[in-house]
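> Below are the sequence and a predicted model; questions follow.
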Amino acid sequence: MWTTDKFINPTHAAAVFSTFYKIPSLSQVVAHAIDAIQFIVVVAFLLGILKKYSYSLILIMHLVSTIRSYPRYLDSWTIPNLLFFAAIPMLAACWSLREYDVLFAFGSSKSGESRIE
């Protein structure tokens, strides 16, 4: 959804980058370039393509996003900050389940054995 949001609403993407990543002015061209790269990584992740790289990139992107949101964890009862806590188990899942996520992955075996490329 965030990838789609960056493409459809680059103004919101600029606001997010300003608030969370301290990048004050993000042009529409740069927002679309970031979105295109992120879209490719997300599709590769969802399809299990080049798992070693796509999972690593998703993990890094999610880790940076989770760390940059730390003020929201300190003020958890202000709406909608409580929702940010969902990032922590997702981060753990990205790390711990990467080798077991083979059901819909290209090149996975039916026995559940993972094949990380």
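Perfect, I can see it now. Numbers count the residues shown, from 1 in each chain.

> Show me the strands in the chain, by range?
Counting by DSSP state E, one finds no strands in the chain.

> Below-threshold pLDDT in it: ranges please.
Low-confidence regions of the chain, defined by pLDDT under 70, span residues 102-117.

> All the helices of it, residue numbers only.
2-8, 10-21, 28-47, 51-68, 70-74, 87-96 (DSSP state H).

> any idea how far the closest residue to residue 69 other than its chain neighbours is from residue 57?
The spatially closest residue to residue 69, leaving aside those adjacent along the chain, is residue 84, at 5.2 Å (CB to CB, 6 or more residues apart in numbering). Bear in mind the C-beta positions are built from the backbone N, C-alpha and C, glycine included. Here residue 84 is placed at a distance of 21 Å from residue 57 (CB to CB, to the nearest Å).

> could you measure the residue nearest the centre of the chain against residue 28, distance?
Central residue of the chain (CA atoms, centre = their mean): residue 62, 4.5 Å from the mean position. Noted for residue 62: a distance of 25 Å to residue 28, by CB to CB.
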